[in-house]
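[1] Model the structure of this input:
(2 chains)
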Amino acid sequence: MIGRLLLRPYALAEPWLRHEVWLVRRTAQAAVMGVAAIWLVLPAEQTGDVALDGTDEFVQQLSSSERLRDFLHGPAIVKPLVGRLCRILLLRLSVAAKARDIARGDNRNFRLRLSGPIDQTALRNLLIWQNHILPHLRPGDARQVDIALVLPAGSENAVRLFDLLSIALMLDRVRSVSLFWDDETAEGIASVLMSERELARWRDAASTGDLEALPRETTSRVELEGTCGGLKLLSPGRRNANDFFKLALPSRFIVAVGLREREDGNVDPDELDLWLGQIDALHARHSRAAFVMLNGIAPSQWREYPAHIRFARQHGLSLQDCICLAQIADAYLGVLDIFGLAAHSAGRPGVYLPLDDGDPPTADRLPRLSGARQIMVGSRDRRRVAAALESFAADSR
Amino acid sequence: MRMPTDRSDAKSQPATAAPEALLGIFDFSYQHYALGDLLTSQVNLAVMATERGLQHIDVIIMVNPMRPGARPQRFVTPANYIFHLDNIMPVFTCNPLLRSLQVLRDVHTFNFLISLHDRNNRPMWPDLNTHLGMRQDYPLDHHSINAFHARHGHVPELAAPRGYESWARDFHAKELKGRPLVVINPRQSSLTENPTVIMRDAPLSVWHDFIDAIAEQRPEVLFVMVGGFQEWEHHLLRRPNVFIPRTWGLRLAHELALLKIANLFMGTSSGFATFATFIGIPYAILNVEHNFAPHAEVQLHDRHYPFARTDQVLTWQCETTEELISLFNELHAAARGGIALPSGETTATASRVSASRSSAVERT
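    Numbers count the residues shown, from 1 in each chain, chains lettered A, B, ... in the order given. Next comes the predicted model:
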């Protein structure tokens, strides 16, 4: 009860902390200080029952308040004292909010493990997990979650670790992400944020949380149908991709190309050779088309490529930039890896191939035509790929 | 409804058990996205953990999406903070004692974790009181590091970003033909989107002349130009003795890993120079800011940090081509001959400084 009475004047006063009128400003500051002081001297039993709707959001907002921070860092003598009181108050409110979440079994913590290397499949599967596994684990709950990535112990060669993090930071439904190199540490640290029930669920989730071994039916369905968003279109990535288009390929029809990669993230040389021929054939029919490779390329793989082929990474674009590029290019050709799924979700027309070896169970079907001329080949069979490219080229005239 | 608070029901680790790990907190609402400072913090954390007999370091990075940057870094906004965060993530895995890395984007979770840690008297940096002050003084000083060196005769060494060192060795052997690597970083803030203190920028023509001179003297040497994609001029690409990782899709983690295995570093006092300082390779850090001297506990124009070897050199004025060639000849020869020694006189100075200060690490 007392907690509620205190929070209301606090919420009323906060917007006025930096008001230009001295009297208003000082009154608000005095109110905030008074609330903070009373809050701190009250026993926890009286302040711990805060359950007002919107309280947690209020604390979030106050913790993020530019005005409060500027005020606290101001030059006046009393501000360090006032500032400290406010910060302690916010901390206590915040801790109470989190403790409440834990007590009611918030179920926001998930463990994902990698039993193998961090490769193109693992990067793609992180998005598939978010879009296709997570909704089953949290039916009807679209809030963001916190994930703990448990890497293999002694993963001395994990040269795509930061690619994995880059993607995790772009995912719509991932709020916080943690890295651990063994299960014991992961559980020890993450368990303080979970109720016993949630912890039990966290432990049991191993079967659905291995990024190297997601259920085959799920990945097969994605290879035939794509997925539904899940990746942010970041402002810097969008800007960098657009700058690249305008500076390097002005007025061209931009086709993003994503191919299978080696473990180090560079394009598979055999795959590249195969596709260069297809790209040249497409370019012969559509001379205004330019093809932008999204994968990396090693110095030893380099040769002089035709002017209609560019490697985005050589122009300084990062993985995040390239994912954004795939989302805004005019079309996409290639595998349904993280780039392919991003392009498909963004409605880019194109030809989409499975990433995995072995045809999906329904590969004997004809290629699927989804909206916006998106051809889901569903197979890596060369004749079927060639037919899909032919169809795409004819349709693009 | 009775709600648990930090004082009551929250689950906690047993407070009586001996702690194994130090918790390092990086809250970007007041700490900076700055390569050099974050790297120095990693060394400071390793010093603190070692002094306290702790085996591990757990790192929490807090980014409030609504207020992702400190006051001096207002260019970090809710719309672009992921870009800045993504750029500096590899730094944290250079910590040699790192056990876990948490990137939190939720204020409540962050406050809950650090409150619990504090309540259980678990070691953390900064401590809760300091953290509540929301202030971090820059530049970070070397007081704790110098004191540690005075006591132990060495300083903790940073690692390559975790998982990247074997890649670097493989890449060096296969893609760079095993050529001797000299990593360079002539600062060029004026070419970036957020230019700061551009008077500290390196004179690029001086560097280009230096690179060409070494191409004649030592054609086998390969200069590796590290730094942002914007921070070099296009004609550097035409030089056969220059490799620019960013033009091959490689990023900070790859650059740091290549620097870790390089023969020599030469560059402006900056983030890469900080990494070179703490990885045990020969280096020349050029044009060190004069006002940094007291923070490093050295005198203006001292040639070495207190903990440095003879092949780890500082200069305090803007470089010339002749000076770069001279430094290269001195340090590259030393690197090949393996003749580096502790920089004696300055080491003794450091010992004196540190002896007069009791337990500097506790201050952090």
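[2] from here on, contacts and neighbour counts on C-alpha atoms
    Noted.
[3] Output the below-cut-off pLDDT ranges for chain B.
    By pLDDT under 70, the low-scoring segments of chain B are B:1-18, B:336-339, B:344-364.
[4] mind listing the strands for it?
    Secondary structure of chain B (DSSP state E): strands at B:21-27, B:56-62, B:98-104, B:124-125, B:181-185, B:222-225, B:242-243, B:264-268, B:283-286, B:312-314.
[5] quick one: the first one to chain centroid distance?
    A distance of 16 Å separates the C-alpha centroid of strand B:21-27 from that of its chain, computed with C-alpha atoms, centre = their mean, to the nearest Å.
[6] Please apply the same query to stretch B:155-175.
    Shown here is stretch B:155-175, whose average C-alpha point lies 15 Å from the average C-alpha point of the whole chain (C-alpha atoms, centre = their mean).
[7] Give me the buried positions along that stretch.
    For stretch B:155-175, the neighbour count (16 or more other C-alpha atoms under 10 Å in any protein chain shown) marks B:155-169, B:171-172 as buried.
[8] Just give me the residue right at the centre of chain A.
    Nearest to the geometric centre of chain A sits A:Leu171, at 1.8 Å (C-alpha atoms, centre = their mean).
[9] Backbone torsions only: list them for that one.
    Geometry field for A:Leu171 lists phi and psi as phi -70, psi 140, criterion degrees, to the nearest 10.
[10] That one is in contact with A:Gly230, isn't it?
    Yes - counting by C-alpha atoms under 8 Å, A:Gly230 is a contact partner of A:Leu171 at 5.7 Å.
[11] what touches both of these two?
    A shared contact of A:Leu171 and A:Gly230, defined by C-alpha atoms under 8 Å, 6 or more residues apart in numbering or on different chains, is any residue touching both; here these are A:Leu127, A:Gln130.
[12] A:Asp270: neighbour count?
    By the measure other C-alpha atoms under 10 Å in any protein chain shown, the count of residues near A:Asp270 is 9.
[13] Quick check: it vs chain B, distance?
    18 Å (C-alpha to the nearest C-alpha, to the nearest Å).
[14] For that residue, identify the helix or strand it belongs to.
    helix A:269-285 (DSSP states H and E).
[15] Rounded mean pLDDT for that helix, please.
    Across helix A:269-285, pLDDT averages out at 94.
[16] Remind me what that helix packs against, helices and strands.
    Other helices and strands packing on helix A:269-285, by 3 or more C-alpha pairs under 8 Å, 6 or more residues apart in numbering or on different chains; DSSP states H and E, are strand A:289-293.
[17] in its sheet, what does the strand it packs on sit against?
    Sheet partners assigned to strand A:289-293 using DSSP bridges are listed as strand A:253-258 (parallel), strand A:309-311 (parallel).
[18] Send me it as CSV with only the CA atoms.
    This file holds the C-alpha atoms of strand A:289-293, laid out as CSV (Å, rounded to 0.1, in the frame of the first residue of the first chain):
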residue,chain,number,x,y,z
ALA,A,289,21.6,-7.2,-63.8
ALA,A,290,24.5,-7.1,-61.3
PHE,A,291,25.2,-10.0,-58.9
VAL,A,292,26.4,-9.3,-55.4
MET,A,293,28.0,-12.2,-53.5
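[19] residues making contact with it?
    With C-alpha under 8 Å, 6+ apart, strand A:289-293 has contacts from A:249, A:252-258, A:279, A:283, A:308-312.
[20] At the contact with chain A, which residues of the stretch 201-350 of chain B appear?
    Taking C-alpha under 8 Å from any C-alpha of the partner chain as the criterion, the neighbours of chain A within the stretch 201-350 of chain B are B:Phe229, B:Arg246, B:Thr247, B:Trp248, B:Gly249, B:Arg251, B:Ala253.
[21] are any of those buried, and which?
    Among these, those scoring as buried are B:Phe229, B:Arg246, B:Thr247, B:Trp248, B:Gly249, B:Arg251, B:Ala253 (criterion: 16+ other C-alpha under 10 Å).
[22] can you give me the helices in chain B?
    Assignment of helices within chain B using DSSP state H yields the ranges B:35-51, B:81-92, B:107-119, B:128-132, B:143-152, B:165-174, B:204-217, B:252-260, B:271-277, B:293-296, B:321-337, B:344-355.
[23] Turn those into JSON lines, including distance to A:Gln130.
    JSON lines is the format used below for the helices of chain B (distance: least, C-alpha to C-alpha, whole Å):
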{"stretch": "helix B:35-51", "distance to A:Gln130": "31"}
{"stretch": "helix B:81-92", "distance to A:Gln130": "19"}
{"stretch": "helix B:107-119", "distance to A:Gln130": "21"}
{"stretch": "helix B:128-132", "distance to A:Gln130": "34"}
{"stretch": "helix B:143-152", "distance to A:Gln130": "43"}
{"stretch": "helix B:165-174", "distance to A:Gln130": "29"}
{"stretch": "helix B:204-217", "distance to A:Gln130": "47"}
{"stretch": "helix B:252-260", "distance to A:Gln130": "26"}
{"stretch": "helix B:271-277", "distance to A:Gln130": "35"}
{"stretch": "helix B:293-296", "distance to A:Gln130": "47"}
{"stretch": "helix B:321-337", "distance to A:Gln130": "49"}
{"stretch": "helix B:344-355", "distance to A:Gln130": "52"}
